[in-house]
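Colleague: fold the following, please.
(chains A, B and C)
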Amino acid sequence: MQLATGGLSPSVLGRLRAAACVLLASGAPAIAHADAGATTKVDASLLVYGEQNRAKVTEPTARLTRLFPDGQTLSAQLGIDVITGASPTGALPSGVDSVGPPQTYTTPSGNVVTVPPPPPDRIPLSPFKDTRVALDGSWFRPLGLLTSTIGGNFSREKDYQSLGGNAKVSLDLMHRLTTLTLGAGLNHDSVFPVGGTPVGLSAGGLPLSRAHDPKQVVSGMAGLSRILTRRWMMAVSGTRMREQGYLTEPYKVLSILDPATGHSVGQLTEKRPSTRNRTDVLGSSVYHLTRDLVYVSYRYYWDDWSVRSHTLDLKYRHALPGEAYLEPHVRFYSQTAASFFRSGLVQGDPIPEYATSDDRLGSLRTGTIGATVGFRVPEYPGEWTVRAEYIGQFGNRHPGDVVGVQRQYDLFPTLNIGTLVVGYSITF
Amino acid sequence: MRRTAGRLACAALLLGLLALSAGCAANAVKPWDRDLLAEPQMRYAPNPMLNAVDDHVYFSKEGSTGGMDVDGGGCGCN
Amino acid sequence: MSEPLRAVDAPDPAEPAMSRAGDHFVGRFTAMASPCEVLVDTDDPAEAEVLVHLAEREAHRIEQKFSRYRTDNVVHRINSSGGRAIRLDDETARMLDYAAACYEMSGGMFDVTSGALRRVWKFDGGDRVPSDSAVEEVLRHVGWSRVTWQDAVLTLPEGMEIDLGGLGKEYAVDRAAALIAAQSTCAFLVNFGGDLFAGGARRGNRFWVVGVDDPERSGRAAVYRIQLARGGLATSGDARRFVLWQGKRLGHILDPRTGWPVEDAPRSVTVLGPTCMEAGTLSTLGYLQGPGARAFLEAQGVQFWIL
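Modeller: Residues are numbered from 1 along each chain as shown, chains lettered A, B, ... in the order given. Next comes the predicted model:
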């Protein structure tokens, strides 16, 4: 004589909590969340990233977090990045000319490789292979209305090392409806390219020294988050970053073009200023519908190299039965070129103080579309996350600052990227 | 031109901050209305692991820096 | 409905019994017909004793006020009101508001008027079950929807009764915990008959360790051990009070909509919540789902253990 178990509203918990709150308003040691002594959390993920005809990356990471009864956490993460493939050198297509295509290439992998010469009308790519190891740790400490996070990071690859620390403090105000956050970070990096650091804007002659070139980054951020209604919270934050030191890409070059034909007749190493002041402003919003959530964020960025960018990110988390969810995602990004960005230099023109052909400092737009699925396997512990995304990067195919035959070539072929991330998280 | 854009953005940030901090005590969210806010997906970054992957991917393909966090190290890109 | 609030037949020791267990003190007493203990993480025996007394007095106050076995409290006044309207005090009113909210959000499964079903069900391990007509007859006196409850005034129809046994112990745990927390910064754990609240990590940033009782070897083995710093734990189960019928074990928690116990109910359901009240209500609701207990509790997103 058992009634069917249907008819019980799926989320009784919220209303129950509210009712208990009123009953015990006269006195209950109010705690926001009860947790039965999970002491350890493990998060593992694997990223598989592939650019069409270019770089491929495989990146496994694992994070171990220790949880303490008073809410403190201590965590450490290890990530390994294996990058193979090819990336543009910054040079322009060689065009057909008397000098002829190169017979061999120098690469940052430290090997001498002989690859088939690229077609004269295509952007030259340089193959490379590198493994980067990154370690970071953080200590999170809640102290009543204040919470602090202190972290350190270290990473190393063949030609680059980074060491840094950061700290963040959050203060809850107005019955925890408003949170103020302040943070600061300091990073000390050093660059030691294979074969030494070339002199900037030179024909790549012997390097001045084989010393490690340092780069210092100091950053600070301030943010304010506010709960607006039962369903809606918003935050605004600003970050300011100052980089100082060796900021040039040691392997990137600019082509020198023959003014009459536009053929590439030589190249120079690139050179960037030794300081960079960067600022960004970010607004985020989370809105809870009946079961689903909407996440929107917008970021405006600018720096003293004249790069300005807009980023708009939208996610919609659709709740599925059994604590699973499907979250489609789109991201739009657009950036203006750095003031010293040049597609190429024309022979005979004065050489500028700074110049780069690196597409990442050029004018470009990126569009991302993808979806994430989160789920648990019944009877087994832990949560799974699987995300597949397409990223397309588009730039100026026919920039105005090239001459001759270059005007016919596609100088920014659309870059198609596919990514797949699989993650697993377990608490015990 | 670029300095005006920078100043405009600063002004927008301050305006944003003021709008958010304008303490509307009248519609303050009562304790018994915090059911949804307590859910784990009610955060700006409900999936920090994916966010970290993204930060790395976009940092190496674009010229801008990340958003809310000052942590994370450098790499030989950007 | 958990253990009833019952005036004790046997004489009670007047003072709680204090003892030391490793690095903390334990005070024991009996209240609401259950063994009660209060653990205090301190080296100061005087402080421990003060806090245990605080909890013990509050437990007895609530027992005195809400027990349905007494003839000198508000519950007796309500149950012998003969259908007349009664104005209730603030604390009782809030209890009934909570009961009303539970009734509504559980679709009628949680009902403080279901005590009348005791008239036809006797959970003594035997195999007698009431006839359908007997159950039908008693169901005419069950159902919160028949009650008029407005502005602290309650009108209970003749023949119906209010039983706060399903709420009283958890409420007492939370109230005792609040009083201890207001009085001292020591970590403590209040356990009234298996419904408990832990208030803070022990010194040395260590968890309290709570065992989930093994229904087969009750009191002698723990199936799970839960590590807890702050929060309420409550267990609903049939371990000691059941009826064997046609080879099935029917627990003593009755579904007020049918008048019958839940079939295929789990042996025990333990839920963790930020208060003992919430943990207790959810564990009862979970238990009443029978085979659907796991799915229900997973949907609520709370931590639970089902045996």
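Colleague: may I ask which helix or strand of chain B has the lowest mean pLDDT?
Modeller: Scoring the helices and strands of chain B by mean pLDDT, DSSP states H and E places helix B:2-21 at the bottom, with a mean of 68.
Colleague: that helix: what's the following helix or strand?
Modeller: helix B:48-61 (DSSP states H and E).
Colleague: partners of A:Tyr325 in the sheet?
Modeller: Going by DSSP bridges, A:Tyr325 is paired in beta bridges with A:Ala319, A:Gly374.
Colleague: do A:Gly165 as well
Modeller: A:Gly152, A:Leu186.
Colleague: I'd assumed A:Gly151 was in contact with it.
Modeller: Yes. In this structure A:Gly165 lies within contact range of A:Gly151 using CB atoms under 8 Å: 6.8 Å. C-beta here means a position set from N, CA and C on the backbone, and glycine is covered the same way.
Colleague: and the closest residue to C:Thr42 other than its chain neighbours, how many neighbours?
Modeller: For C:Thr42, ignoring the flanking residues on the chain, the nearest one in space by CB to CB, 6 or more residues apart in numbering or on different chains is C:Cys186 at 4.6 Å. Close neighbours of C:Cys186, defined as other CB atoms under 10 Å in any protein chain shown, add up to 22.
Colleague: got the residues of the stretch 201-307 of chain C near chain B?
Modeller: Contact residues, the stretch 201-307 of chain C versus chain B (CB under 8 Å from any CB of the partner chain): C:Gly301.
Colleague: which residues in the stretch 201-307 of chain C form strands?
Modeller: Assigned by DSSP state E, counting those that start in this stretch, the stretch 201-307 of chain C shows strands spanning C:208-213, C:222-228, C:230-237, C:242-245, C:248-251, C:254-255, C:260-261, C:268-273, C:304-306.
Colleague: taking the stretch 201-350 of chain A, what residue is nearest to chain C?
Modeller: A:Glu323 (6.7 Å; CB to the nearest CB).
Colleague: which ones are touching that residue?
Modeller: Counting by CB atoms under 8 Å, 6 or more residues apart in numbering or on different chains, A:Glu323 makes contact with A:375-376, C:298-299, C:301.
Colleague: out of those, which end up buried?
Modeller: Using 16 or more other CB atoms under 10 Å in any protein chain shown as the burial test, the contacts of A:Glu323 include C:Ala299 as buried.
Colleague: distance between the ends of stretch A:345-359?
Modeller: Its first and final residues considered, stretch A:345-359 spans 15 Å by CA to CA, to the nearest Å.
Colleague: from the chain's centroid, how far away is it?
Modeller: 28 Å (CA atoms, centre = their mean, to the nearest Å).
Colleague: now swap in stretch A:85-92 and tell me
Modeller: 20 Å.
Colleague: now the end-to-end length of that stretch.
Modeller: So stretch A:85-92: terminal residues 19 Å apart, CA to CA.
Colleague: stretch C:207-226 too?
Modeller: 9 Å.
Colleague: re the thing from before, reformat the contacts of A:Glu323 as a markdown table; add pLDDT.
Modeller: Shown next, in a markdown table, are the contacts of A:Glu323 (pLDDT from 0 to 100):
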| residue | pLDDT |
| --- | --- |
| A:Phe375 | 94 |
| A:Arg376 | 90 |
| C:Glu298 | 83 |
| C:Ala299 | 81 |
| C:Gly301 | 80 |
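Colleague: from the contacts of A:Glu323, which is closest to A:Thr290?
Modeller: Taking CB to CB as the measure, A:Thr290 lies nearest C:Ala299 of the contacts of A:Glu323, at 14.4 Å.
Colleague: can you tell me which residues in the stretch 301-428 of chain A are near chain C?
Modeller: Within reach of chain C by CB under 8 Å from any CB, the stretch 301-428 of chain A has these residues: A:322-323.
Colleague: where does the prediction get shaky in the stretch 301-428 of chain A?
Modeller: Applying pLDDT under 70 to the stretch 301-428 of chain A flags no residue at all.
Colleague: give me the number of residues near C:Glu161?
Modeller: For C:Glu161, using other CB under 10 Å, the count is 19.
Colleague: what do you get for A:Leu23?
Modeller: Applying other CB under 10 Å, I find that A:Leu23 has 24 neighbouring residues.
Colleague: over to A:Leu312?
Modeller: 13.
Colleague: related to what we said a few turns ago, let's have the strands of the stretch 201-307 of chain C in TSV, adding mean pLDDT.
Modeller: Below are the strands of the stretch 201-307 of chain C laid out as TSV (pLDDT from 0 to 100):
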stretch	mean pLDDT
strand C:208-213	82
strand C:222-228	76
strand C:230-237	88
strand C:242-245	70
strand C:248-251	72
strand C:254-255	84
strand C:260-261	86
strand C:268-273	89
strand C:304-306	87
